[in-house]
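model this:
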Amino acid sequence: MKRTPRFGEPDPAELARLLPAPGDPELPRDRQRQLEDAFMAQIQRPAPATRPAAAPRPARGRLRRPILIGIPAALALTGVVVVALNATGGAGTTEPTPVAAPVVAIQPGSNVALASTVEHIADAADRGALPTPRPDQFIYVKSEVSYTTTYVNADTNTSRTWVQPLHTREVWLSPDGHKGWLDEPGYQPKGGITLDSDITRNSYDETKALPTDPDALLKKIYARANGESDRNQQAFTTIGDIVGEQVVPARIAAALYRAAARIPGVVVVPHSQDAAGRDGIALARLDPQTGERIEWIFDRNTYAYLGSRGVQITAAGDAKPGTVTERTAILSRAVVDAEKVRPASPGKAS
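Modelled structure (predicted):
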């Protein structure tokens with residue numbers, strides 16, 4: 001519905017013309033998720049917090065494609081101050097120059113071998129020997145990542161999609177999800193940022209309480225769907241977020257993969273490649289709204305989880321079919337005694 005300004009109220013379009021030209025602001029996909037989490041934290045909080053305001057938790061995992069608008073329009077229509085939607089990572093950090101997104105041949109997916117492939121993956125997960133963290137310890141995950149960055153020119157109403165250069169990302173998460181730290185050089189202030197939060201989405205404690213029966217687990221996952229998009233895609237995304245950057249108890253991990261196989265549209269892709277260049281087999285699902293297929297990649301011999309990849313299957317904007325929209329590779333998972341403490345030796349990345 002078109003909004004009619006009240007008498008004497010400034011016209012948003014006029015305000016937009018008076019503001020400085022925005023140039024080419026960028027909004028990386030992970031920063032979009034940060035802003036969304038911060039917004040959701042505010043509207044979901046029932047009462048003033050009894051603890052200091054927390055920084056938004058940047059969620060890695062499956063990152064939603066941002067809906068971008070120019071800076072002047074955002075300011076005029078929302079009245080919200082949007083901070084630093086440009087090429088800075090904060091606190092004087094300049095983000096590396098984005099590069100052209102790689103384009104790959106689209107591998108066909110099939111559900112013919114889905115059941116047997118998932119059983120291999122689930123069995124491997126069930127044999128996992130990842131450590132169990134104490135309440136006072138932290139889960140450490142080191143990965144190599146690259147996400148989409150979209151430049152928007154508000155004057156010409158055009159956009160250009162690039163990707164971040166591959167870079168290292170390290171996170172420390174407390175088991176209860178209330179404390180954490182993120183170090184992502186070039187994309188966060190030097191030394192990293194706090195992930196302390198009242199939101200405990202997909203924490204270790206929350207994950208270990210999930211049912212081990214795949215049907216019961218999937219029902220619980222579906223209950224999280226918000227109705228804003230395809231519920232099957234939301235379920236696939238939720239499971240991907242959990243297994244992507246967390247230490248998951250072995251029996252729960254096995255149940256998560258078996259639950260994923262029950263989601264309509266999940267297929268096996270015979271060849272995929274993570275951010276470290278490791279070739280593997282993938283469980284994947286095409287998002288019907290964005291045309292992007294998210295692939296969870298597993299070692300084709302051990303069936304250990306390697307990382308993930310996003311591939312544009314249908315054209316979207318200037319992203320043609322085969323465009324790689326995101327890449328991750330898990331390099332290490334471990335349990336450490338404090339934030340910013342790295343394991344003495346690389347942990348098992350599975």
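
on contacts alone, who are the packing partners of the helix or strand S143 falls within?
S143 is part of strand 138-153, with elements assigned from DSSP states H and E. Counting contacts by 3 or more Cβ pairs under 8 Å, 6 or more residues apart in numbering; DSSP states H and E, strand 138-153 packs against strand 26-28, helix 29-44, strand 158-163, strand 167-173, strand 305-312, strand 324-336. Heads up, the C-betas are built off the backbone N, CA and C, glycines and all.

Distance of F236 relative to T149?
F236 is 24 Å from T149, where distance means Cβ to Cβ, to the nearest Å.

same deal with D337?
Distance from D337 to T149, by Cβ to Cβ: 35 Å.

Looking at the two, which one has more neighbours?
Using other Cβ atoms under 10 Å, the more surrounded residue of D337 and T149 is T149, with 23 against 10.

wait, doesn't the more buried one sit right on R160?
No - with contact defined as Cβ atoms under 8 Å, T149 does not count as touching R160 (9.3 Å).

List the contacts of the closest residue to I193 other than its chain neighbours.
Spatial nearest neighbour of I193, chain neighbours left out: L182 (5.4 Å); criterion: Cβ to Cβ, 6 or more residues apart in numbering. Counting by Cβ atoms under 8 Å, 6 or more residues apart in numbering, L182 touches P58, R169, E170, V171, W172, Q188, G192, I193, T194, L195.

Which helix or strand contains L182?
Judged by DSSP H and E, L182 forms part of strand 180-183.

Run through the helices of this structure in chain order.
Under the criterion DSSP state H, the chain contains helices at 12-18, 29-44, 71-78, 114-126, 204-208, 214-222, 231-244, 250-261.

Check those helices for me: which has the lowest mean pLDDT.
By mean pLDDT, the lowest-scoring of these turns out to be helix 71-78, with a mean of 31.

send the alpha carbons of stretch 297-310 over as CSV?
Provided in CSV are the C-alpha atoms of stretch 297-310 (Å, rounded to 0.1, in the frame of the first residue of the first chain):
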residue,chain,number,x,y,z
ILE,A,297,30.3,-31.8,1.0
PHE,A,298,31.6,-35.1,2.4
ASP,A,299,34.9,-37.0,1.8
ARG,A,300,33.9,-39.7,-0.7
ASN,A,301,36.0,-42.3,1.1
THR,A,302,35.5,-41.6,4.8
TYR,A,303,32.2,-39.6,4.5
ALA,A,304,33.5,-37.0,6.9
TYR,A,305,32.0,-33.5,6.6
LEU,A,306,34.3,-31.2,4.6
GLY,A,307,32.4,-28.0,4.1
SER,A,308,29.7,-26.5,1.9
ARG,A,309,29.1,-24.7,-1.4
GLY,A,310,26.4,-22.6,-2.9
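
Tell me, how many residues neighbour the residue nearest to W162 when sequence neighbours are not counted?
What sits nearest to W162 in space, not counting adjacent residues and going by Cβ to Cβ, 6+ apart, is P98, at 3.6 Å. When counting by other Cβ under 10 Å, one arrives at 21 neighbours for P98.

Same question for the one 4 residues further on.
Other residues within reach of P102, judged by other Cβ under 10 Å, total 14.

For it, list the residues it contacts.
V163, T323, V324.

now V99: how far from T161?
Taken as Cβ to Cβ, the span from V99 to T161 is 11 Å.

Who has more neighbours out of these two?
Neighbours were counted for V99 and for T161 using other Cβ under 10 Å; T161 has more, 20 against 13.

coming back round to it: run through the bridge partners of the residue nearest to I193.
Listed beta-bridge partners, L182: V171, I193 (assigned using DSSP bridges).

And it, how close does it get to Y140?
L182 is 12 Å from Y140, by Cβ to Cβ.

any shared contact partners between the two?
E170, V171, W172.

Nice, that's everything, thank you.
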